[in-house]
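Trainee: the amino acid sequence is not available; the structure is as follows:
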């Protein structure tokens with residue numbers, strides 16, 4: 001059996017944070033299938049690697065496979081908390097292996113020099129954060145339970161501009177539908193430390209739509 005390389009393991013680690021935990025041990029997930037093809041592994045081998053990586057994840061109560069390799073451990077430790085670095089390395093590796101990369105987006109033709117480099121990094125970071133947040137919430141809005149990805153937004157708890165270190169940290173994100181994302185961003189409601197929804201006085205208006213979409217949620221847990 002061919003050994004896993006450093007690059008393949010980095011891609012697997014990045015993928016681990018982008019797939020709901022209950023799907024990492026299956027081969028039917030389209031991301032597992034597509035990524036396996038790009039890095040030269042079978043879907044089964046990649047799924048097995050994801051389970052090995054899950055055994056290193058202290059946030060999981062139920063561990064996966066227990067035979068993570070020394071390389072798995074080293075890569076896990078190297079990128080622990082280094083969310084932006086992991087996202088950039090993941091994209092760089094895939095860009096070298098596949099033409100289907102964000103780095104080859106046609107919009108790049110309009111960018112030059114440092115502007116192009118910054119645009120690429122921003123696009124990668126935004127996409128990476130969204131995928132991680134939707135994964136964390138199992139593709140469901142934490143407010144309403146809506147499970148249509150096209151209607152979901154990855155919201156930062158601490159704004160992008162305020163906390164640079166946690167811009168891509170999955171624990172700094174909430175998965176919401178577009179309406180409640182906008183309201184959260186504007187401070188019309190907050191989520192307390194015990195995960196309860198609390199409305200702003202600005203929403204103290206008795207109209208049917210406000211009642212339907214906001215008042216009934218006040219005090220509920222996400």
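Mentor: Done, it's in. What you see is a predicted model; the values in this text were computed from it and never measured.

Trainee: and the strands in this structure?
Mentor: 152-156, 173-177, 189-191, 197-199 (DSSP state E).

Trainee: now for the helix ranked longest in the chain, which elements pack on it?
Mentor: Looking across the chain with DSSP state H, the single longest helix is helix 113-136. Under the contact definition 3 or more CB pairs under 8 Å, 6 or more residues apart in numbering; DSSP states H and E, helix 113-136 sits against helix 83-97, strand 152-156, strand 173-177. The way it works is simple: take the backbone N, C-alpha and C, and place the C-beta from them, glycine included.

Trainee: weakest of those in terms of mean pLDDT?
Mentor: Sorting these by mean pLDDT places helix 83-97 lowest, at a mean of 88.

Trainee: roughly how far is that helix from the heart of the chain?
Mentor: 14 Å (CA atoms, centre = their mean, to the nearest Å).

Trainee: check which helices and strands that helix sits against.
Mentor: helix 6-16, helix 30-39, helix 113-136.

Trainee: could you give me the average pLDDT of stretch 52-71?
Mentor: Computed over stretch 52-71, the average pLDDT equals 79.

Trainee: what does stretch 194-208 give?
Mentor: Mean predicted confidence for stretch 194-208 is 88.

Trainee: would you mark the buried spots in it?
Mentor: If you call a residue buried by 16 or more other CB atoms under 10 Å, then stretch 194-208 has these buried ones: 197, 199, 203.

Trainee: residue 160: which of the residues you listed is nearest?
Mentor: Among these, residue 197 lies closest to residue 160 (CB to CB), at 22.3 Å.

Trainee: tell me who's in contact with the residue nearest to that closest one when sequence neighbours are not counted.
Mentor: Nearest non-adjacent residue to residue 197, counting by CB to CB, 6 or more residues apart in numbering: residue 217, 4.9 Å away. Residue 217 makes contact with 143, 189, 197, 199, according to CB atoms under 8 Å, 6 or more residues apart in numbering.
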